[in-house]
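Novice: What would the 3D arrangement of this be:
(2 chains)
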Number of protein chains: 2
Amino acid sequence: MMLITTLIVVSALTIIYNTAHDPLSASVGFAILGGAVTWKLVLEFKESFIKANLIGRDLAKVDKPIIPESTGVICAAIYLLCIFLFIPFPFMEWFTGKGIISRSEEFHAPTFPHHKLGEFLSAMLSLQSMTFLGFADDVFDIKWRYKLLLPAIASIPLLMVYYVNFGVTHIVVPIPLRFIFGRIIDLGFLYYVYMGMMAIFCTNSINILAGINGVEIGQSLIIACSIAINDFLFLNGADPAMEVHLFSLYFILPFIGVSLGLIIHNWYPSSVFVGDTYCYFAGMTFAVVGILSHFSKTILLFFIPQIFNFIYSCPQLFKLIDCPRHRLPRFNPSTLKLEYSKVKVQKPLKPSAHFVLKIFVSFGLAETNEVENSIEINNFTLMNLLLLRFGPLHEKTLTILIMVLQILASCLAFIIRYRLVHFFYEG
Amino acid sequence: MMLITTLIVVSALTIIYNTAHDPLSASVGFAILGGAVTWKLVLEFKESFIKANLIGRDLAKVDKPIIPESTGVICAAIYLLCIFLFIPFPFMEWFTGKGIISRSEEFHAPTFPHHKLGEFLSAMLSLQSMTFLGFADDVFDIKWRYKLLLPAIASIPLLMVYYVNFGVTHIVVPIPLRFIFGRIIDLGFLYYVYMGMMAIFCTNSINILAGINGVEIGQSLIIACSIAINDFLFLNGADPAMEVHLFSLYFILPFIGVSLGLIIHNWYPSSVFVGDTYCYFAGMTFAVVGILSHFSKTILLFFIPQIFNFIYSCPQLFKLIDCPRHRLPRFNPSTLKLEYSKVKVQKPLKPSAHFVLKIFVSFGLAETNEVENSIEINNFTLMNLLLLRFGPLHEKTLTILIMVLQILASCLAFIIRYRLVHFFYEG
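Specialist: Predicted structure coming up:
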């Protein structure tokens, strides 16, 4: 095992060293390096997490073992380190003397692309802030109202750099809506609110589709791969969007690397949990890439399952129907399978709750069961819905099912983005 | 108390709002705001730290109370948030439309000073990395060899921005040495090594002059005030160095604010400990300011007590003489005073140890006591030395004594920098 790791690390370093002139290949090298180091360090640091009392119980196992929690922080830290070390590569011509850095006169062309470096730095700053906040959340259990706001604060540097580098705040209106809004609307300040909301959504939506072995990294990996595939579609030299998609790849490839390194330990049966840290880190990576590479709408298409899960959860999140502290599927020790969990609501229901429930039942999204003075309803999460429709499933099967769903959603996203787009936008 | 906090916060916000055109005043506003919020949040979060098992025992008290540890993380997080929110102020003319941001053509003058923004972002990134690492150290107890390297890694973004913005790597040789080296030496790559070492030194040297109530913040506050005073000396409009000193003040003033907010709780008798997090955060703030404002030598002058403490500790740090895990002064419950702690070394001593000890004794830096087959020697730290020279002291007196020493060192630093400098440099 030691030999294999060494081989992987050596080959990664070889790639980085030999392709210093080609940042994309160097990025692949860092992805491999990050993955191998994550895999190794998680093994090594497991004990430290238990000593530091960062632990959780795996309730979906017969013996409910105690497992290190929030190891996502290792994966995020290695990711950040990889990007730290990677930053010089896209600017290599200025470091090897081919490009001329004019320091005496401010902004004398051709000089160093400070604005590009600013994008990297602000992206890193936002990512690091979110990782830090995620870790603080794992250690201190931060209150919900703070949790919702923190990603918006963490994205301030990002939005500032967006303002000075791009400043584009208008959107092209889809054809069917043009008779109302015209061809272009300038959202102005609201566009920044939209981007802040996007950071909040990406981070929290992964955090609420979580809780069974491997599901946090599983979904993130598929979203990341979808983004990477989408980026590769733009990588022929002629495309004007090539530069932003390269930028996106520089951030997504190492993310895929470190996530693969961590999922080895987090796959069923998990020997470590990834914690809120990983969910926040993953969500913020997607938000950063979406904002700075300017394809946030495409990224939101890859979040279809998360968007569904969020909308479906709303009646409980907004307390229309009681929301227990945990809504995870229930483990049945006799069948070794997961079953959907239920919430007991006192009768009579509020009229609004009654209305929502009626709609959900008619669409097959809810099942009710009257018990004396109360009604038992399935908790409104995607995982419970799958268990309701497919019957009890093994934990691993459920994770794979969600990943398959995520892949189908990505296929749908690509169809919308590249086929159906003609109904909404010209050319 | 609530009323006073509210008043302070409101007046800070008023300052920030009314002086948006004057970044220095806005910075003062953020310093006040940061201080008040730190003071309040530390109070509020104390319980969370105990719940999260981030605790330490105050061994220099009769009842050895359990106290929340590493609350420096609150202070650092608020500091970072203040700087996040402050970043737009120095660039206000570009946000209010007075300056023109040219986005269509790259680097078309007059345009946005991306390189200045890059300095802020890289400084924040290095500070945040170091805070994160400090907190990780408090939670996980990171090994010494990593601790030493981490500040160097955290300073990568800083050094990169230094390279592209300044790139100055030559130093002017002091007059008495010019007959060997000439007037100017270009250190080239070594200059970056020097800056990395400076980050390592600043963070760790505060961390080893620590362990009694209020001493970590006490010394940091005096260093910070010295830097601020030095900056103010350059603030007449004509001085070409004015810009870098303004930059320094933007980082130092909020640091002074949040540190004051924290020291209220950390002063004797401490109700919270600040942890490695604070020491790393403080040290990195000084390193960042020194590197980007290009007066690292002046900053090192303010570190005279820390430099002395480090050199004095070397025989123990490098295992010439045994180094027990803790070298803090010993609390004597009968006198309620601190006494210097000792280490017992087996005879015969290594010749090198014997040599060092002889020198130390002759300079009054060590006292030995022969017991059977071994020698008892005072631990080589500044605190133990003070207790050796002045006799047992109350904990608070010792902290104040170190702060006085730090003030004297700053006076000496100013004399060297502004009076004796003529012996070393012309003009």
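
Novice: Low-confidence ranges, the stretch 1-150 of chain A, go.
Specialist: Filtered on pLDDT under 70, the stretch 1-150 of chain A yields the residue ranges A:97-110.

Novice: A:Ala413 and A:Ile299 touch, don't they?
Specialist: No. When contacts are counted by C-beta atoms under 8 Å, A:Ala413 is not listed as touching A:Ile299 (9.1 Å). Bear in mind the C-beta positions are built from the backbone N, C-alpha and C, glycine included.

Novice: Quote the end-to-end distance of stretch A:357-375.
Specialist: Terminal residues of stretch A:357-375 are spaced 11 Å apart (C-alpha to C-alpha, to the nearest Å).

Novice: for that stretch, what is the average pLDDT?
Specialist: Here the mean pLDDT over stretch A:357-375 is 92, rounded to a whole number.

Novice: Relative to the whole chain's centre, how far out is it?
Specialist: If you compare the mean C-alpha spot of stretch A:357-375 with that of the full chain, they lie 32 Å apart, counting by C-alpha atoms, centre = their mean, to the nearest Å.

Novice: got the buried residues for that stretch?
Specialist: Within stretch A:357-375, the residues that qualify as buried by neighbour count (16 or more other C-beta atoms under 10 Å in any protein chain shown) are A:357, A:360, A:365-368, A:375.

Novice: How about residues contacting it?
Specialist: A:312, A:315, A:321, A:342, A:344-347, A:349, A:376-378, A:380, A:385, A:388-389 (C-beta atoms under 8 Å, 6 or more residues apart in numbering or on different chains).

Novice: before we move on, what about stretch A:320-330?
Specialist: Around stretch A:320-330, the neighbours that count as contacts under C-beta under 8 Å, 6+ apart are A:59-60, A:211-212, A:314-317, A:338-341, A:343-345, A:349-350, A:352-353, A:356-357, A:377, A:379-381, A:383-384, A:387, A:398.

Novice: what about the residue sitting nearest the centre point of chain A, which helix or strand?
Specialist: For chain A, the residue nearest the mean C-alpha position is A:Gly283 (3.0 Å; C-alpha atoms, centre = their mean). Under DSSP states H and E, the secondary-structure element containing A:Gly283 is helix A:275-292.

Novice: could you say what helices and strands that helix packs with?
Specialist: helix A:72-86, helix A:114-140, helix A:144-154, helix A:156-165, helix A:189-208, helix A:215-232, helix A:242-266, helix A:296-302 (3 or more C-beta pairs under 8 Å, 6 or more residues apart in numbering or on different chains; DSSP states H and E).

Novice: now for those helices, which one comes closest to chain B?
Specialist: Closest to chain B of those is helix A:114-140 (C-beta to the nearest C-beta; 3.8 Å).

Novice: Give me the distance from the helix holding A:Gly283 to the chain's centre.
Specialist: What separates the centre of helix A:275-292 from the centre of its chain is 5 Å, taken as C-alpha atoms, centre = their mean.

Novice: Between helix A:144-154 and it, find me the angle.
Specialist: Calculated by axes from the mean of the first three to the mean of the last three C-alpha atoms, to 10 degrees, helix A:275-292 forms an angle of 40 degrees with helix A:144-154.

Novice: pLDDT on helix A:275-292, on average?
Specialist: With pLDDT averaged residue by residue, helix A:275-292 scores 95.

Novice: how far off helix A:215-232 does it point, in degrees?
Specialist: Following the same axes, to 10 degrees, one obtains 20 degrees for the angle between helix A:275-292 and helix A:215-232.

Novice: if we can go back for a sec, of the contacts of stretch A:357-375, the lowest pLDDT goes to which?
Specialist: Here the lowest pLDDT out of the contacts of stretch A:357-375 sits on A:Lys347, with 84.

Novice: how close does the residue lying closest to it once chain neighbours are set aside sit to A:Val345?
Specialist: Once its chain neighbours are removed from consideration, A:Lys347 has its nearest residue in A:Asn373; the separation is 5.4 Å (C-beta to C-beta, 6 or more residues apart in numbering or on different chains). When distances are taken as C-beta to C-beta, to the nearest Å, A:Asn373 and A:Val345 turn out to be 10 Å apart.

Novice: Over to A:Val244?
Specialist: For A:Val244, the distance to A:Val345 under the criterion C-beta to C-beta works out to 48 Å.

Novice: What residues of stretch A:194-205 count as buried?
Specialist: By 16+ other C-beta under 10 Å, the buried positions in stretch A:194-205 come out as A:195-196, A:198-205.
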